[in-house]
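Colleague: Dropping a prediction and its sequence here:
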Amino acid sequence: MSVNLLAILPEVLMLVLGILILVLDPFWKDEKRRLNLGWLTAGGLFAVLAVSLLVGRPGSEGVLAWGGMVRFDMFAYAFKLFFIFAAAITALFMMDVEGISRRAEAFALLLAATIGMSLMASAADLVMLYLAIETTSIPLYVLAGFLLDDKKSTEAGFKYLLFGAMTSAILLYGLTLVYGFGGSTSLEDLARQFGSKTPFSIGVLLLLVVGLGFKLSLAPFHFWAPDTYEGAPSPVAGFLSTASKAAGFAVLVRLFLTAFGSTAEQWQMVLAILAAVTMILGNLVALAQKNLKRLLAYSSIAHAGYALLGVIAASELGVTSAVFYLLAYILTNLAAFGIIAIVGRTIGSDDIRAYDGLSRRSPYLALAMLVAFLSLSGMPPFGGFVGKFLVFFAAIQAGWTWLVVIGIITSIVGVYYYLTVMKYVYLYRMEGENEEAHPIPVTRPHLLAIGLLTLGIILVGTLFAPWFGLSTDAASSLISAVMFK
């Protein structure tokens with residue numbers, strides 16, 4: 001199989017799957033659409049994942065394909081696996097969301113966004129990079145506001161669209177100035193241009209940081225996230241907070257380390273300040289939240305700050321730690337938002353107090369929630385602990401001790417509000433109700449998704465060697481392509 005085909009094999013397969021869904025949809029009766037659409041999308045994505053694992057693995061060094069537009073390396077490969085898995089899990093959660101489960105276009109939009117994310121991770125050219133970002137963003141705008149009968153959903157989609165369009169314009173302007181400075185759209189050519197430690201304009205740097213900071217929901221570019229996460233359907237919010245954020249990090253790492261690796265001292269301090277503000281603001285504001293989706297939105301903002309520590313380290317260990325952290329975070333936050341989708345479907349509320357007595361209404365769901373929240377707080381032996389340890393260690397090794405101190409202090413704050421939620425789940429009781437008489441039903445798709453995610457969180461935290469090896473290979477392939485290490 002040619003390198004050009006292997007480089008975009010997952011994207012081609014997902015495109016075929018999307019076309020198949022749209023073609024078959026008119027032939028299915030309405031009552032069968034929910035099962036058929038969900039299982040076809042999720043099953044198809046797991047099949048794409050299997051094919052990618054079997055025949056789509058690149059070499060250790062990586063090569064350019066499609067005229068230098070995409071890079072076929074382990075860094076892109078690892079992120080593509082993350083995105084495909086996250087999309088498959090999201091498809092399972094979407095199967096029981098009223099207003100989405102029977103709409104083929106919703107699943108097609110999910111696939112389109114996943115294709116865009118995959119291209120974001122492998123883009124080796126500024127033109128491809130921007131097109132991939134827009135391919136990701138536009139379907140997500142629609143999905144966030146997909147529930148037209150829900151005012152919060154339409155508001156979430158509209159706000160996301162307005163802020164996203166504005167920051168996309170800022171990012172595009174920054175990329176055009178990079179082209180003006182470097183005389184090329186190729187990241188490798190730009191690396192040569194900036195290889196002699198050419199002063200990098202602070203204005204251009206700020207434009208890029210604003211554009212990418214929005215995608216990552218870094219403070220102070222986070223203002224869209226709480227409202228969007230609260231109003232969007234819970235599975236879509238989970239996908240936004242995990243896969244979309246990971247795609248933004250993939251772009252940030254490849255762009256800054258490949259094109260501007262030799263001028264790291266000019267952008268490291270800017271990102272370090274943003275990381276500190278993001279960790280502090282995200283955790284402190286989360287303390288005051290009464291809505292669980294808004295709490296997780298601010299938690300997501302804080303976790304973006306933690307993951308950014310690996311990028312700031314600007315080393316192979318730093319990239320390794322960032323990739324591992326994002327893997328653990330994807331599993332954990334998908335589980336958290338999936339549980340919100342399940343509980344919210346029955347209770348009809350995302351208020352934290354609505355979770356009173358959940359441990360007696362659905363013991364296994366409460367246990368999965370405990371695993372997810374302990375992982376988010378960085379407790380061993382779960383994936384979040386290993387990820388946080390690695391990014392802290394990489395930052396200390398690179399000399400950013402003060403930033404790690406802020407990370408540790410804010411992590412303690414995070415433990416408080418995560419355990420506060422679990423206090424309602426395990427210690428409080430439903431007011432005036434017999435909890436055992438009001439169980440939370442869990443459908444088969446939800447059971448499969450929560451089971452896979454919970455198992456993944458535990459495996460990444462205990463048997464972490466294979467996942468750490470994958471992260472190391474991803475980092476090595478990226479660093480080997482950087483001319484100035």
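Modeller: Received, thanks.
Colleague: any chance you could map the helices in the stretch 151-300 of the chain?
Modeller: Secondary structure of the stretch 151-300 of the chain (DSSP state H, counting those that start in this stretch): helices at 151-182, 187-193, 202-216, 225-231, 234-239, 245-254, 264-286, 292-313.
Colleague: Any chance of a markdown table for the ones you listed, columns distance to residue 480, mean neighbour count and mean pLDDT?
Modeller: All C-beta atoms are positioned from the backbone trio N, CA, C, and that covers glycine. What follows is the helices of the stretch 151-300 of the chain, written out as a markdown table (distance: least, CB to CB, whole Å; neighbours: other CB atoms under 10 Å; pLDDT from 0 to 100):
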| stretch | distance to residue 480 | mean neighbour count | mean pLDDT |
| --- | --- | --- | --- |
| helix 151-182 | 21 | 18 | 89 |
| helix 187-193 | 12 | 19 | 81 |
| helix 202-216 | 23 | 20 | 87 |
| helix 225-231 | 34 | 25 | 90 |
| helix 234-239 | 31 | 29 | 92 |
| helix 245-254 | 13 | 26 | 92 |
| helix 264-286 | 17 | 20 | 91 |
| helix 292-313 | 17 | 27 | 93 |
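Colleague: by contact count, what packs against the helix or strand containing residue 76?
Modeller: Using DSSP states H and E, residue 76 sits within helix 74-94. Where contact means 3 or more CB pairs under 8 Å, 6 or more residues apart in numbering; DSSP states H and E, helix 74-94 is packed against helix 9-24, helix 30-55, helix 104-122, helix 234-239, helix 245-254, helix 316-347, helix 444-462, helix 465-481.
Colleague: how many other residues sit next to residue 340?
Modeller: Other residues near residue 340 come to 22 when the count uses other CB atoms under 10 Å.
Colleague: Look up the closest residue to it, ignoring the ones flanking it.
Modeller: Excluding its sequence neighbours, the residue lying closest to residue 340 (CB to CB, 6 or more residues apart in numbering) is residue 234, at 4.9 Å.
Colleague: Tell me who's in contact with residue 355.
Modeller: 292, 343, 421, 424, 425 (CB atoms under 8 Å, 6 or more residues apart in numbering).
Colleague: do you know how far it is from residue 135?
Modeller: Taking CB to CB, to the nearest Å as the measure, residue 355 falls 37 Å from residue 135.
Colleague: related to what we said a few turns ago, residue 54 is nearest to which of the helices of the stretch 151-300 of the chain?
Modeller: Comparing the helices of the stretch 151-300 of the chain by their distance to residue 54 (CB to CB), the top pick is helix 245-254, with 22.7 Å.
Colleague: which other residues reach the closest one?
Modeller: So helix 245-254 is in contact with 71, 75-76, 79, 82-83, 86, 116-117, 120-121, 123-124, 129, 133, 136, 187, 212, 215-217, 300, 304, 307, 311, 319, 322, 326, 329-330, 478, going by CB under 8 Å, 6+ apart.
Colleague: how far out from the middle of the chain is it?
Modeller: 9 Å (CA atoms, centre = their mean, to the nearest Å).
Colleague: returning to what we had before: I'd say the residue nearest to residue 340 and residue 343 touch.
Modeller: No. Residue 234 lies out of contact with residue 343 (CB atoms under 8 Å); the separation is 9.3 Å.
Colleague: returning to that earlier point: could you say which one of the helices and strands packed on helix 74-94 comes nearest to residue 389?
Modeller: Using CB to CB, the nearest of the helices and strands packed on helix 74-94 to residue 389 is helix 316-347, at 8.5 Å.
Colleague: circling back: could you check the angle the helix holding residue 76 makes with helix 444-462?
Modeller: 140 degrees (axes from the mean of the first three to the mean of the last three CA atoms, to 10 degrees).
Colleague: Could I get the CA-only coordinates of helix 74-94 as CSV?
Modeller: C-alpha atoms of helix 74-94 as CSV (Å, rounded to 0.1, in the frame of the first residue of the first chain):
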residue,chain,number,x,y,z
MET,A,74,3.8,8.2,15.0
PHE,A,75,2.7,11.5,16.5
ALA,A,76,-0.2,11.9,14.1
TYR,A,77,-0.9,8.2,14.3
ALA,A,78,-1.3,8.2,18.1
PHE,A,79,-3.6,11.2,18.0
LYS,A,80,-5.7,9.6,15.2
LEU,A,81,-6.2,6.5,17.4
PHE,A,82,-7.4,8.8,20.3
PHE,A,83,-9.8,10.7,18.1
ILE,A,84,-11.4,7.6,16.5
PHE,A,85,-11.8,5.9,19.9
ALA,A,86,-13.4,9.1,21.4
ALA,A,87,-15.8,9.4,18.4
ALA,A,88,-16.8,5.7,18.7
ILE,A,89,-17.6,6.2,22.4
THR,A,90,-19.5,9.4,21.7
ALA,A,91,-21.6,7.7,19.1
LEU,A,92,-22.6,5.1,21.7
PHE,A,93,-23.6,7.9,24.1
MET,A,94,-25.5,9.8,21.4
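Colleague: Residue 284: what's it in contact with?
Modeller: Taking CB under 8 Å, 6+ apart as the test, what residue 284 contacts is 410, 413.
Colleague: Not counting its neighbours along the chain, what's nearest the residue most central in space within the chain?
Modeller: Closest to where the C-alpha atoms of the chain average out (CA atoms, centre = their mean) is residue 242, at 2.3 Å. Excluding its sequence neighbours, the residue lying closest to residue 242 (CB to CB, 6+ apart) is residue 330, at 4.4 Å.
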